[in-house]
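Predicted model and sequence below, questions to follow.
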Amino acid sequence: MRPETNFEKVPIDRVAVEERVGRLNKRSIKKESKIQALKLALSMVDLTTLEGKDSEGKVRQLCQKAKSPHPSMPDIPSVAAVCVYPNMVRIAKESLRGTNINVASVASAFPSGMAPLPIRIEDTKFAVEEGADEVDMVITRGAFLEGEYNFVFDEIAAIKEACGDA
């Protein structure tokens, strides 16, 4: 059985929503506004490599792409971050030195999250010690799906504490 959420209690005027969607679908967005929106979206993207065959060379290449997504179009902005495994954070930091691009790292037993909390905390601390600016954690999905929200909250708090200022 799926746990009830607060969203199910929110009254929605479906007719009004459909009318609003219809009006929005008819509006045209000027070309320059579209370009600005696309540039803004790109500047919020994380470029990611999370493969078992990741190498220092691949991470350096990804960082170069992050700095210059399309070399023949220098007005295209760089991305927000490069996301790598904890053992590749130092390489990404070195490659991105002098830019405003953050280094994000997955942690807490990515991708499954199926490790004891102390191990997941150490994984997170390692990523931060290596220089990660951001940490993408994995929750215990089974606990969440079973409605154990306090358990999940407590594990998020523990991982956040392990992140320090990252």
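Great, that's in hand. Numbering: from 1, shown residues only.

Leaving aside the residues adjacent along the chain, what's closest to Ala92?
Val103 (4.5 Å; C-beta to C-beta, 6 or more residues apart in numbering). (Glycine included, C-beta is placed from N, CA and C.)

Which neighbouring elements make contact with the host helix or strand of that neighbour?
Per DSSP states H and E: Val103 is located in strand 102-106. Under the contact criterion of 3 or more C-beta pairs under 8 Å, 6 or more residues apart in numbering; DSSP states H and E, strand 102-106 touches strand 81-84, helix 89-96, strand 134-136.

what mean pLDDT does that strand have?
Averaged over strand 102-106, pLDDT sits at 98.

Also stretch 50-66?
Per-residue scores along stretch 50-66 average to 96.

Same question for stretch 152-164.
96.

buried ones in the helix or strand hosting Lys160?
For Lys160, the element it lies in under DSSP H and E is helix 149-163. Neighbour-count burial for helix 149-163 flags Val152, Glu155, Ala158, Ile159, Ala162, Cys163 (criterion: 16 or more other C-beta atoms under 10 Å).
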